[in-house]
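Novice: Requesting a structural model of the entry that follows:
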Amino acid sequence: MSGGDRGAALVARLALERHPEGGWFKRIHTSAHALDTAHGARARVTSIHYLLTVDEPLGRLHRNRSDILHYLQGGGPVEYLLLDEADGTLRRVVLGHDVGQQLFLFVPGGIWKASRLVGAADHALVSEAVVPGFDFADHAFADLALLEWFPQHRELLAPFVRR
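Specialist: Below you'll find the model as predicted:
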């Protein structure tokens with residue numbers, strides 16, 4: 001099965017939809033219990049399947065107020081670029097099965113995050129748990145202004161910014 005076929009098969013099998021960040025997703029859990037936050041009530045936790053494929057290999061640069069735990073379920077490797085706006089540091093983490101790669105990634109709330117398939121990867125299926133639960137009111141996409149604030153990362157991050 002080709003990479004495109006594997007991705008299409010996972011989209012169908014898991015009933016995934018196009019994600020606004022790029023790739024595919026499906027919410028698989030929303031806690032029935034809520035938390036009061038400074039920005040309103042949120043589910044205690046939400047969870048999604050998130051899929052990048054050869055046809056949709058990039059996750060756009062964005063941030064959330066909530067903490068997010070990422071678990072590689074299959075495929076990969078997939079690289080995450082993590083920008084801390086507070087000090088301008090950029091960290092690169094690869095989820096995969098090889099030496100030097102990891103199967104789990106924690107991203108604290110407020111960190112800018114982008115992702116992409118790397119190497120010969122034809123897909124990466126990642127499950128995410130968001131705490132407190134995801135709400136679009138807590139989400140922001142990066143724009144070109146962010147790249148102006150961090151010119152040292154402009155070349156690397158530019159492909160992940162919506163235009």
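Novice: So in this structure, which helix runs the longest?
Specialist: With DSSP state H setting the assignment, residue counts place helix 3-14 as the longest helix in the chain.
Novice: So, low pLDDT: which residues of the chain?
Specialist: In the predicted model of the chain, residues 1-4 satisfy pLDDT under 70.
Novice: For it, just list every one of the helices.
Specialist: In the chain, helices defined by DSSP H lie at 3-14, 144-149, 154-157, listed in chain order.
Novice: Could I get the buried residue list for the longest helix of the chain?
Specialist: Using 16 or more other C-beta atoms under 10 Å as the test for burial, helix 3-14 gives 3, 6-8, 10-11. Every C-beta, even on glycine, is put in place using the N, C-alpha and C of the backbone.
Novice: Likewise for stretch 110-121?
Specialist: Neighbour counts over stretch 110-121 (16+ other C-beta under 10 Å) mark 111-118, 121 as buried.
Novice: Also stretch 102-112?
Specialist: By neighbour count, and taking 16+ other C-beta under 10 Å as the criterion, the buried residues in stretch 102-112 are 105, 107, 111-112.
Novice: What of stretch 155-163?
Specialist: Within stretch 155-163, the residues scored as buried using 16+ other C-beta under 10 Å are 157, 160-161.
Novice: Going along the chain, name the strands of this protein.
Specialist: Remark: strands of the chain, listed N- to C-terminal, are 17-18, 24-30, 34-37, 40-43, 46-53, 58-64, 67-75, 78-83, 90-95, 104-107, 112-117, 123-131, 139-141; assignment by DSSP state E.
Novice: Let's have these in CSV, adding distance to His153.
Specialist: Listed next are the strands of the chain as CSV, based on distance: least, C-beta to C-beta, whole Å:
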stretch, distance to His153
strand 17-18, 27
strand 24-30, 26
strand 34-37, 30
strand 40-43, 30
strand 46-53, 21
strand 58-64, 10
strand 67-75, 20
strand 78-83, 7
strand 90-95, 5
strand 104-107, 17
strand 112-117, 10
strand 123-131, 22
strand 139-141, 16
